[in-house]
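# Sequence first, predicted coordinates after that:
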Amino acid sequence: MEVIIQPDAVAACKLVARQIEKLVKQKPHAVLGLATGSTPLPLYAELVRLHREEGLDFSGVRTFNLDEYVGLPSGHPASYRAFMQENLFRHVRFAASHIPDGLAEDIPAECEAYETEIRKAGGIDLQILGIGSDGHIGFNEPASSLASRTRIKTLTPRTRADNARFFGTPEEVPHHVITMGIGTILEAGQVVMLAFGEGKAAAVAGAVEGPLSAMNPASALQLHPRGVVFLDEPAAARLTRSDYYRWVFDNKPDWQK
Ligand code: F6R
């Protein structure tokens, strides 16, 4: 796994945005996998800037979000559909944007249909991930199957507490979500995980340098041939080999950039 440590989240997200730009220019009908939460906000701001100021065209690009809460009323400000609308979709036109339907009457059928849509789109070219303080990716909480597919999951009390800041009261955080599985995520052509802040340092260290384990779902990235982790300094603080990762990044041959 490649580990890229940057001074701050904005610097890291600018690099990721350039990677997305490269992909979209090479493949105008690319398929992007997107995440929500605080972590990708500087990335979406930079994509909006690239679109507005540099004319980067996303009109052929299709997107698939990782997850959505189950049972939130349509238009609820903490829903991931509302989040994406606010932070990206109202600024940038995509060919199609898919988010699991957390209000579907038949949730297993919705999950199956989501997997089918991803397959029909030709698979995800580049998947953006955040990481939970417990190591979750998407909402694959610890002990999730490393082979899992899109399905309903129950959030842990820790994740509900972490996400309470998006809701009026902690009790309002739903218990259930629909999330792409770890197996679904690992099928993306490239996987880019972002982690910022000291609250992520332990989970990041476990994911990058710990054993492959369902107890740290992000460690599944160790199985991906094109997994890259972008960190700020506090999120990198508990890595034991950070000098090595920095050296590798600073000395990349031109053909690898
Ligand atoms: C959100 C998602 C989650 C978040 C994670 C970190 O779509 O899939 O895995 O990436 O919970 O959330 P933040 O970025 O808010 O710390």
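Happy to help now that I have it.
# Spell out which parts of the stretch 51-200 of the chain neighbour the ligand.
66-67, 130-132, 136-139 (CB under 6 Å from any ligand atom). The way it works is simple: take the backbone N, C-alpha and C, and place the C-beta from them, glycine included.
# Tell me where the stretch 1-150 of the chain has strands.
Along the stretch 1-150 of the chain, the segments classed as strands by DSSP state E, counting those that start in this stretch run 2-6, 31-34, 62-65, 67-69, 96-98, 126-129.
# Pull out the buried residues from the first one.
For strand 2-6, burial by neighbour count (16 or more other CB atoms under 10 Å) applies to 3-6.
# want to throw those residues into TSV with pLDDT?
Shown next, in TSV, are those (pLDDT from 0 to 100):
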residue	pLDDT
V3	98
I4	98
I5	98
Q6	98
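# quick check, nearest of these to T240?
V3 (11.5 Å; CB to CB).
# give me the element the closest residue to that closest one other than its chain neighbours is part of.
Nearest non-adjacent residue to V3, counting by CB to CB, 6 or more residues apart in numbering: Y245, 3.9 Å away. For Y245, the element it lies in under DSSP states H and E is helix 242-250.
# Now do that helix, average pLDDT.
Helix 242-250 comes out with an average pLDDT of 97.
# Does it pack against any helices or strands, and if so which?
Here helix 242-250 is seen to pack against strand 2-6 when contacts are counted using 3 or more CB pairs under 8 Å, 6 or more residues apart in numbering; DSSP states H and E.
# Adjacent strands (with direction) for the strand it packs on?
Here strand 2-6 is paired, per DSSP bridges, with strand 227-232 (parallel).
# hmm, the strand it pairs with touching the ligand?
No - residues of strand 227-232 are not located near the ligand by CB under 6 Å from any ligand atom, the shortest gap being 12.4 Å.
# how big is the angle separating that strand from helix 242-250?
Angle, strand 227-232 to helix 242-250, by axes from the mean of the first three to the mean of the last three CA atoms, to 10 degrees: 110 degrees.
# Any buried residues in strand 227-232, and which?
Result for strand 227-232 [16+ other CB under 10 Å]: buried residues 227-232.
# Pull the contacting residues for the residue of the stretch 101-250 of the chain found nearest the ligand.
Going by CB to the nearest ligand atom, the ligand is nearest to G130 of the stretch 101-250 of the chain, at 2.3 Å. Contacts of G130 were listed using CB atoms under 8 Å, 6 or more residues apart in numbering, and they are 35-40, 137, 193-195.
# at 6 Å what do you get?
35, 37, 39, 194 (CB atoms under 6 Å, 6 or more residues apart in numbering).
# Farthest-apart pair in those, please.
Spatial extent of the contacts of G130 (CB to CB) is set by the pair G37 and L194 at 9.7 Å.
# Comparing these two, which residue is more hemmed in?
Under the neighbour definition other CB atoms under 10 Å, G37 and L194 were set side by side, and L194 has more, 25 against 17.
# Please give the element, helix or strand, for the more buried one.
Going by DSSP H and E, L194 is part of strand 190-195.
# try P234
If you go by DSSP H and E, P234 is part of helix 233-236.
# For that helix, could you pull out the residues that count as buried?
Residues of helix 233-236 classed as buried by neighbour count (16+ other CB under 10 Å): 234-236.
# No further queries at this time; thank you.
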